[in-house]
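Colleague: how would this look folded up:
(2 chains)
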There are 2 protein chains.
Amino acid sequence: MNIVIIGGVASGAKAAAKVKRLLPHASVKIYTDDTHVSYSSCGLPYYIQGNFSDYTALLVRSPEEFKSSGIDVFLNSKVKKIIPDKKKILISGDELVCYDKLIIATGAHPIRPNITGIDDFENIFTVRRIEDGIKIRNKMLKSKKAVIIGAGYIGIELLEAFSRNNIYVHVFEKSTQIMPVIDAEMSEIVKKRLNSIENKNFELHTDTIVNEFIGANGVLTGVRTSDGKEYDCEMAVVCAGVKPNIELAQDAGIEIGETGSIKVNKLMRTSIENIFACGDCAEKTHIVSGKKVWIPLGSTANKEGRCAAMNAAGVYCEFEGVLGSMVTRCLNTTIAMTGLTEREAEEIGFKPVSVIVNKYDKVAYMPDTGEIALKVVADKITGLLLGAQAVGSIGADKRVNTVTSGLIGHLTVEEFSNNDLTYSPAYSPTIDPLLNAMQILCNKTARSC
Amino acid sequence: MNIVIIGGVASGAKAAAKVKRLLPHASVKIYTDDTHVSYSSCGLPYYIQGNFSDYTALLVRSPEEFKSSGIDVFLNSKVKKIIPDKKKILISGDELVCYDKLIIATGAHPIRPNITGIDDFENIFTVRRIEDGIKIRNKMLKSKKAVIIGAGYIGIELLEAFSRNNIYVHVFEKSTQIMPVIDAEMSEIVKKRLNSIENKNFELHTDTIVNEFIGANGVLTGVRTSDGKEYDCEMAVVCAGVKPNIELAQDAGIEIGETGSIKVNKLMRTSIENIFACGDCAEKTHIVSGKKVWIPLGSTANKEGRCAAMNAAGVYCEFEGVLGSMVTRCLNTTIAMTGLTEREAEEIGFKPVSVIVNKYDKVAYMPDTGEIALKVVADKITGLLLGAQAVGSIGADKRVNTVTSGLIGHLTVEEFSNNDLTYSPAYSPTIDPLLNAMQILCNKTARSC
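Modeller: Numbers count the residues shown, from 1 in each chain, chains lettered A, B, ... in the order given. Okay, the predicted model is just below:
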């Protein structure tokens, strides 16, 4: 039995380890064009920040460790073609490698927007691989001013990293809000919290497009925006989103889904027999809406890698899909969400109703009490809970996690508002902000509690 | 319309406020033998510790504030009798007060175990009311050695309070484990964490009964235990549990449930028409087992008070019951649970299977990463999730809250292990300890994932 995996990082590396445990006598090979096989890409902003000193902390498993469990890793090894008819892949050096089961875990790559000068200067970075992190950190330590393009979660995590290293940062976001993934009112709360930081060393520019990188002799010295202003900087990081790596699959005739990522079923099978896909290159099903989505995240990649490996090994496993759950941090603020935003719910055809509450995260008399803003969304007709967003102190994310299980169980707001959450003054108010929000939301649905 | 409420604190005070909002023209009266009407009893250990300097922070609403919203509060006013036939209550001074709807919120009282000398000395305390907190704090500030009898959650919260005020404490627990409410292996983890604290100024004695208080001239100087040892102390706090205040209801012919607390239906109605009961005096239904239980907690009291008030006002409301969710803190350790312990599940007739995992609460390379031990319990036959317990860093409670929604939705372990929890290295490992535990538990149930 030959199992071949294209790509490492989260899903590919997980799939390899799992399949080898299930089929100890199988040949398992990972081909990757990367310089490292298994690492935490999500940890790069924290490495850049200096939360730990050595990038090797990000490495989960080395090629040598894989080798010792019988898995062969081929680094810097580009797969040029998948030939499904022959059950072979063509790798660099024009070598053909046979597979019985093939797992595609090619991941995603950062978008490089069409900005004048983007290819003309050093010191314009994207964040994806270990080398990117090392280069950005090295340059940051020698810089005083930086520009970040894009205020999604990687953008704002880098803002934290730069700010804490005393680099003055301008963040430019083309949409009207930072963190475009959450609803506008919640994004506004994030912005207010960030802008309220005393002596802040950053500026947030929404609704602003960077038109041009400027500099001389290949060295970046600033950016020019659509409103004609110029901003000095010694480095820029482009955090304008990612795109799935689907070329190899597409070229082999594997079906691409409506989201532009590789179409898979619940067993992580692609449209071609014996070929699976998982992680950032694969399409996902949203559990709440039932729609196809492409939300590339490390935690999902891990689960999908496990599931693809099980089915490749002949052990039945279904991956039900995602809720779009995410959390990120920027300085004093935690931002988390799960399920559908109100905007998404409306687009899909629900009749969403929502509530935002602003509350203390513990009983007010306790020390270190923080604030938390929670938005909960439900369908007016059925009372079905659709999603939640939280902005505030540490612990905001865990309130969102309490909602994830409610979404999995298809709870109504009424059912959720009967939830018996743990209570102690050191951990939450008597009525947790989440229950408070649900009780108010209850009155807005047709089935009021 | 005359609404009379017996008792304040959490459920009585909540019921009064809610019923007045629903029926602005009704007469609403609260009779309580307490000196304060509406306060956070759960905050007393933190007041004693000195987390805030003024006990008035614990007071939620004063009689004057109630008065201004049209609610009459009678403090220090003992209700002597309920006369259901005449729809009257007899209060101290032999005055009769009419009611159309009566809400009993008489709460619970601390158990004073039959220990030799318990009534002979000053400086033996129980914790329930504001005055108790003030007396304990005042005495603590003048003491060097204290004894706590009972290592339930109030016992260990006081241990934290005393320890942080540099009082040397002996804690005696008659059962074989501290925190008898959780499973033995989890209790063992709590004990290890507490005993590992450097230069700790306390000793935990399980399986040890205090037989006698010793002293002279009404002043306590120590305790004697069943193994014949003596321990010096200048004060003792008895945290031996609580009992529901049911005498008044029982005397009026109201049915008492199998748990020894006042029997109520989902509408918080007692067996006698127009009389409701809520809070610590009332029996509860356990949502997971369907059994009657008596788990007195402030968060439940609040919800029950709201529900009793709604039904008293003629607005239909059901209270579904409790999960037995709780959280407490002792020094470096958070302890939380929801649902059934393995022991309870077995007693009730489930075939429980369980898993304990010990994991980091964030990705290991992040700063301030803590440890968390999680136990998850499920029924082997159906795969139904039954409960969870957590011991560890801050955040342990929130993992338990993620399970509460799963219990409300009657999820199987398999369904829960598909949960899409939020992930970022600063907040959890790629696969959260909770999902990790569920995935392992899955393999122990008949329906393996």
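Colleague: of all the residues in whichever helix in chain A runs longest, which ones are buried?
Modeller: The helix spanning the most residues in chain A, taking DSSP state H as the definition, is helix A:298-312. Within helix A:298-312, the residues that qualify as buried by neighbour count (16 or more other CB atoms under 10 Å in any protein chain shown) are A:298-312. Yep, even glycine has a C-beta here, placed from its N, CA and C like the rest.
Colleague: which of these come close to chain B?
Modeller: A:298, A:299, A:300, A:302, A:303 (CB under 8 Å from any CB of the partner chain).
Colleague: now render these as TSV, adding pLDDT.
Modeller: Listed next are these as TSV, based on pLDDT from 0 to 100:
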residue	pLDDT
A:298	93
A:299	93
A:300	96
A:302	94
A:303	95
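Colleague: next SSE downstream of the longest helix of chain A?
Modeller: For helix A:298-312, the following helix or strand on the C-terminal side (DSSP states H and E) is strand A:326-330.
Colleague: list the buried residues of that next one.
Modeller: Using 16+ other CB under 10 Å as the test for burial, strand A:326-330 gives A:326, A:327, A:328, A:329, A:330.
Colleague: tell me which of these is nearest to chain B?
Modeller: Taking CB to the nearest CB as the measure, residue A:327 is the one of these closest to chain B, at 3.8 Å.
Colleague: can you pull the contacts of the closest one?
Modeller: Neighbour list for residue A:327: A:334, A:335, A:336, A:397, A:400, B:422, B:423, B:424, B:427 [criterion: CB atoms under 8 Å, 6 or more residues apart in numbering or on different chains].
Colleague: which one among the ones next to chain B among the buried residues of helix A:298-312 gets closest to chain B?
Modeller: Distances from chain B to these, taken as CB to the nearest CB, are shortest for residue A:299 (3.7 Å).
Colleague: ok, the closest one touching residue B:431?
Modeller: Yes. Checked against CB atoms under 8 Å, the pair residue A:299 and residue B:431 is within contact range at 7.1 Å.
Colleague: residue A:379 bridge partners, please.
Modeller: According to DSSP bridges, the partner residues bridging residue A:379 are residue A:352.
Colleague: give me the distance between it and residue A:352.
Modeller: Taking CB to CB, to the nearest Å as the measure, residue A:379 and residue A:352 are separated by 6 Å.
Colleague: so what's in contact with these two at the same time?
Modeller: Both residue A:379 and residue A:352 are in contact with A:345, A:386, where contact means CB under 8 Å, 6+ apart.
Colleague: now do the contacts for whichever residue of the stretch 51-200 of chain A sits closest to chain B.
Modeller: For the stretch 51-200 of chain A, the residue positioned closest to chain B under CB to the nearest CB is residue A:57, at a distance of 3.8 Å. Residues near residue A:57 by CB under 8 Å, 6+ apart: A:43, A:47, B:364, B:365.
Colleague: residue A:230: neighbouring residues, count only.
Modeller: Residues contacting residue A:230 under the criterion other CB atoms under 10 Å in any protein chain shown number 12.
Colleague: who touches the residue of chain A found nearest chain B in this structure?
Modeller: Per CB to the nearest CB, residue A:409 is where chain A lies closest to chain B, at 2.2 Å. Contacts were defined as CB under 8 Å, 6+ apart; by that measure residue A:409 touches B:405, B:406, B:408, B:409, B:410, B:411, B:415.
Colleague: now do residue A:384
Modeller: When the contact criterion is CB under 8 Å, 6+ apart, the partners of residue A:384 are A:378, A:410, A:411, A:412, A:413.
Colleague: can you pull up the bridge partners for it?
Modeller: Going by DSSP bridges, residue A:384 forms beta bridges with residue A:412.
Colleague: quick one, helices of the stretch 151-300 of chain A?
Modeller: If DSSP state H, counting those that start in this stretch is used as the criterion, the helices of the stretch 151-300 of chain A fall at A:153-164, A:184-195, A:247-251, A:298-312.
Colleague: can you list the residues of the stretch 51-200 of chain A near chain B?
Modeller: Applying CB under 8 Å from any CB, one finds that the stretch 51-200 of chain A approaches chain B through A:51, A:52, A:57, A:58, A:153.
Colleague: nearest residue to the first one other than its sequence neighbours?
Modeller: Counting by CB to CB, 6 or more residues apart in numbering or on different chains, residue B:367 is the residue found nearest to residue A:51 once chain neighbours are left out, at 5.4 Å.
Colleague: doesn't residue A:146 belong to a strand?
Modeller: Yes. Under DSSP: H, G, I helix; E, B strand; the rest coil, residue A:146 sits within a strand.
Colleague: measure it to residue A:124 for me?
Modeller: From residue A:146 across to residue A:124, the span is 11 Å (CB to CB).
Colleague: mutual contacts of these two, please.
Modeller: Contact criterion CB under 8 Å, 6+ apart; residues bridging residue A:146 and residue A:124 by contacting each: A:235, A:236, A:237.
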